[in-house]
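Student: Sequence plus the predicted model coming up.
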Amino acid sequence: MSQVFSILLVDDDAFILEVLRIQLERILPENIVVERASSGEEALELVSELTSQSETPLALIISDYLMPGILGSDFLIQAHAINPRSKKMMLTGQAEVENVLKVLHHMELFRYIGKPWDPHMMNEAVLNAVEQFSEDFYLRNR
């Protein structure tokens, strides 16, 4: 059986979370588990949980920018501090350039995708992120 990885989707809009989950589960291999969180705070707990257990390494985090509580940029920076190896993507129609630059100052952002997103572009970005993460994972765990 192949290694199971997880992806975390973070958005305060339940409809966006569900649409994105359905879209990704259609194209992802069966060894990818899609987790969801409706706030940055909830997502940070999941990042910690997924990082502490090694059965399903966290391959990718996709976060909205504009959320109540923790902004997506701040969430991604905090998530990176917990799990620097996972790939991170920002998904939003609201972020200003300086907020994207803020994230880039603290870590490498795998992709920035605007809302509404192009499904083919999103699918390609997610598959590329998972592929890169899994290659790195297998190299580290030889």
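Tutor: Okay, I see it.
Student: SS state for the residue nearest to Glu35 when sequence neighbours are not counted?
Tutor: Spatial nearest neighbour of Glu35, chain neighbours left out: Leu8 (4.9 Å); criterion: Cβ to Cβ, 6 or more residues apart in numbering. (C-beta placed from N, C-alpha, C; glycine too.) Three-state assignment for Leu8 (DSSP: H, G, I helix; E, B strand; the rest coil): strand.
Student: Dump the longest helix belonging to the chain to PDB, restricted to CA.
Tutor: In the chain, taking DSSP state H as the definition, the longest helix is helix 119-140. Output of helix 119-140 as PDB, limited to C-alpha atoms (Å, rounded to 0.1, in the frame of the first residue of the first chain):
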ATOM      1  CA  PRO A 119     -10.500  24.400 -12.100                       C
ATOM      2  CA  HIS A 120      -7.700  23.100 -14.400                       C
ATOM      3  CA  MET A 121      -5.200  25.500 -13.000                       C
ATOM      4  CA  MET A 122      -6.100  24.500  -9.400                       C
ATOM      5  CA  ASN A 123      -6.000  20.800 -10.200                       C
ATOM      6  CA  GLU A 124      -2.600  21.200 -11.900                       C
ATOM      7  CA  ALA A 125      -1.200  23.200  -8.900                       C
ATOM      8  CA  VAL A 126      -2.500  20.700  -6.300                       C
ATOM      9  CA  LEU A 127      -1.200  17.700  -8.200                       C
ATOM     10  CA  ASN A 128       2.200  19.400  -8.700                       C
ATOM     11  CA  ALA A 129       2.400  20.300  -5.000                       C
ATOM     12  CA  VAL A 130       1.600  16.800  -3.900                       C
ATOM     13  CA  GLU A 131       4.100  15.300  -6.300                       C
ATOM     14  CA  GLN A 132       6.900  17.600  -5.100                       C
ATOM     15  CA  PHE A 133       6.000  16.900  -1.500                       C
ATOM     16  CA  SER A 134       6.000  13.100  -2.000                       C
ATOM     17  CA  GLU A 135       9.300  13.200  -3.900                       C
ATOM     18  CA  ASP A 136      10.900  15.200  -1.000                       C
ATOM     19  CA  PHE A 137       9.200  12.800   1.500                       C
ATOM     20  CA  TYR A 138      10.600   9.700  -0.100                       C
ATOM     21  CA  LEU A 139      14.100  11.200  -0.400                       C
ATOM     22  CA  ARG A 140      14.100  12.200   3.300                       C
END
